[in-house]
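Peer 1: Pasting the sequence and the predicted coordinates here, then a few questions.
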There are 2 protein chains.
Amino acid sequence: MARIQKKHRQQQLIEKIQSSPFLTDEELARLLDVSVQTIRLDRLELGIPELRERTKLMAEDAQTKVKAISKGEVVGDLIDLVLGKSGISMMVVTPEMVFEKTQVARGHHVFSQANSLALAVIDAPAAVTGVANIKYKVPIKIGEKLVAKAEVVKQRGNKYFIWVKTRNEAQEVFRAKFIMVSLD
Amino acid sequence: MARIQKKHRQQQLIEKIQSSPFLTDEELARLLDVSVQTIRLDRLELGIPELRERTKLMAEDAQTKVKAISKGEVVGDLIDLVLGKSGISMMVVTPEMVFEKTQVARGHHVFSQANSLALAVIDAPAAVTGVANIKYKVPIKIGEKLVAKAEVVKQRGNKYFIWVKTRNEAQEVFRAKFIMVSLD
DNA sequence: ACTGGTTCTAGTACTAACTGATAAAACTAG
DNA sequence: CTAGTTTTATCAGTTAGTACTAGAACCAGT
């Protein structure tokens, strides 16, 4: 009986801390109706750091996350790149990228990956997107690994014609034609 | 002399804390070569809370910020919306959206605004982007206020044909044709 | 050179939210 | 009923402070 109780309580503890991480041991003890010492023991067993540690960790990683998100010079990870010719980028569809309701990725994330890649491929100090023709072939779901391949098919003056094809593990899901314009 | 020293020191204190907010009073005292008490007095005068308070505040607001950014169901603010017909959305180009080098907006942000709007306009519980034809007419700079107008031009079955035109204060900067597909 | 006011430092008492250790109490299972 | 587990209690010690008092240093003006 006690053994189940304990497991159960520790589960509750984890949930409580997850949902409101600013609870002290004392408050947790009151909520779960055990002594403070029990909470401490449980935290020790579960490897949950103390309130202050928790707060600090949250502050730190949320900070880097905000930076990462808002910086976002490039969407997706560049895997291969031949300047002026071709490039490959990879991106995993995270929970933040999908519609809650349907679990389908919002179109602009896939576009962003392709557009970033197209930009990376062309061999110019600065460039903007001029025209894009894009087609979403199948809905993209959470957790999928998207691999985008870009190829420069033509170059005329300061205009670059680039094809990007994005596949998940199984098939082609997206395809785009970009005309990028380099600036001086 | 002392008066200037003090102001100067407090300025330094503010900068130190801003650049690395996880410093204790003791560490700050060492860095500025004064006693801990002086640091405390300064913090009191400047209304800077203690390390733990600071950490907690950071954790809290970074958390909400991350949520706000990653939630981002819609890019841009909806100003007007007639379901199934038309819509208007507004977005200001922030420093995060531009290339550091050129101060020109990354294409995918403008696309995201248009795409979000197109999605909002159609009167369906869930939908994905099928095809898009887009054209960037002029480079978009930091601080510009982008107003996107969407219009449903045709509807056939579960396919919606939508035009989006985006203007800054002076002219049309972007134009897109979307075919959105509603899901059941 | 002395006095007065600001600024800085030192010291004490107290707090929250812990860790770590040790020991007793309570439960519970064979 | 006893051995083992689980829980609670108690005490000492830590960190990063607050709040307050008192003294030292310094400089400025008369």
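Peer 2: Everything's here; your move. Numbering: from 1, shown residues only, chains lettered A, B, ... in the order given.
Peer 1: Around DNA strand D, pick out the residues from chain A.
Peer 2: A:2-3, A:5-6, A:9, A:34-35, A:37-38, A:41 (C-beta under 7 Å from any atom of the strand). Where C-beta positions appear, they are placed from N, C-alpha and C, glycine not excepted.
Peer 1: in the sheet, who's paired with A:Tyr136?
Peer 2: A:Phe174 (DSSP bridges).
Peer 1: returning to what we had before: including secondary structure, neighbour count and pLDDT, could the residues of chain A next to DNA strand D go into CSV?
Peer 2: What follows is the residues of chain A next to DNA strand D, written out as CSV (DSSP: H, G, I helix; E, B strand; the rest coil; neighbours: other C-beta atoms under 10 Å in any protein chain shown; pLDDT from 0 to 100):
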residue, secondary structure, neighbour count, pLDDT
A:Ala2, helix, 6, 53
A:Arg3, helix, 7, 58
A:Gln5, helix, 10, 81
A:Lys6, helix, 14, 86
A:Arg9, helix, 16, 93
A:Val34, coil, 16, 94
A:Ser35, coil, 12, 94
A:Gln37, helix, 10, 95
A:Thr38, helix, 17, 95
A:Leu41, helix, 14, 95
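Peer 1: show me the contacts for the closest residue in space to A:Thr38 that isn't next to it in sequence.
Peer 2: In this structure, A:Thr38 finds its nearest non-sequential neighbour in A:Ala29, 7.0 Å apart by C-beta to C-beta, 6 or more residues apart in numbering or on different chains. By C-beta atoms under 8 Å, 6 or more residues apart in numbering or on different chains, the contact list for A:Ala29 reads A:35-36, A:38-39.
Peer 1: for A:Ala176, same thing?
Peer 2: Counting by C-beta under 8 Å, 6+ apart, A:Ala176 has contacts A:111, A:114-115, A:118, A:132-135, A:163-164, A:166.
Peer 1: can you dump the C-alpha coordinates of stretch A:113-130 into CSV?
Peer 2: Extracted as CSV, the C-alpha positions of stretch A:113-130 are listed here (Å, rounded to 0.1, in the frame of the first residue of the first chain):
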residue,chain,number,x,y,z
GLN,A,113,13.2,26.8,-44.1
ALA,A,114,13.1,26.7,-47.9
ASN,A,115,13.6,30.5,-48.2
SER,A,116,16.5,30.5,-45.8
LEU,A,117,18.2,27.7,-47.7
ALA,A,118,17.7,29.4,-51.0
LEU,A,119,19.3,32.5,-49.6
ALA,A,120,22.2,30.6,-48.1
VAL,A,121,22.9,28.9,-51.4
ILE,A,122,23.5,31.9,-53.6
ASP,A,123,26.9,33.3,-53.5
ALA,A,124,26.2,37.0,-52.7
PRO,A,125,26.8,39.2,-49.8
ALA,A,126,23.2,40.3,-49.6
ALA,A,127,20.1,39.3,-51.3
VAL,A,128,16.3,39.4,-51.1
THR,A,129,13.6,37.2,-52.3
GLY,A,130,12.0,38.4,-55.5
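Peer 1: residue ranges with poor pLDDT in chain A?
Peer 2: A:1-4, A:67-74 (pLDDT under 70).
Peer 1: The same query, at a cut-off of 90, please.
Peer 2: For chain A, the stretches with pLDDT under 90 are A:1-6, A:61-77, A:94-102, A:123-127, A:183-184.
Peer 1: ok, longest helix in chain A?
Peer 2: helix A:51-71 (DSSP state H).
Peer 1: Okay, buried residues for it please.
Peer 2: A:51, A:54-56, A:58-60, A:62-63, A:65-66 (16 or more other C-beta atoms under 10 Å in any protein chain shown).
Peer 1: Distance check, the residue nearest to the spatial centre of chain A against A:Leu146.
Peer 2: Chain A has A:Thr94 as the residue nearest its centroid, 4.7 Å off, counting by C-alpha atoms, centre = their mean. For A:Thr94, the distance to A:Leu146 equals 11 Å [C-beta to C-beta, to the nearest Å].
Peer 1: A:Met58 now?
Peer 2: Taking C-beta to C-beta, one finds A:Met58 at 29 Å from A:Leu146.
Peer 1: now do A:Leu23
Peer 2: 39 Å.
Peer 1: quick one: which of the two has more around it?
Peer 2: Per other C-beta atoms under 10 Å in any protein chain shown, whichever of A:Leu23 and A:Leu146 has more neighbours is A:Leu146, with 22 against 18.
Peer 1: Contacts for the helix or strand containing that one, please.
Peer 2: Secondary structure from DSSP states H and E places A:Leu146 in strand A:145-156. Residues outside strand A:145-156 that contact it (C-beta under 8 Å, 6+ apart): A:76, A:79, A:84-93, A:110, A:113-114, A:117-118, A:120-122, A:140, A:160-169, A:173-174.
Peer 1: And the next helix or strand past that strand?
Peer 2: With DSSP H and E, the next secondary element past strand A:145-156 is strand A:159-167.
Peer 1: So what are the sheet partners of that next one and their directions?
Peer 2: Sheet pairing for strand A:159-167, using DSSP bridges, gives strand A:145-156 (antiparallel), strand A:172-182 (antiparallel).
Peer 1: buried ones in that strand?
Peer 2: Within strand A:159-167, the residues that qualify as buried by neighbour count (16+ other C-beta under 10 Å) are A:160-167.
Peer 1: ok, now which ones touch A:Val173?
Peer 2: Shown in contact with A:Val173 (C-beta under 8 Å, 6+ apart): A:110, A:136-138, A:140, A:144, A:146, A:166-167.
Peer 1: could you redo the last one with a cut-off of 10 Å?
Peer 2: The contact partners of A:Val173, by C-beta atoms under 10 Å, 6 or more residues apart in numbering or on different chains, come to A:105, A:110, A:135-141, A:144, A:146-148, A:165-167.
Peer 1: I am finished for the moment; much appreciated.
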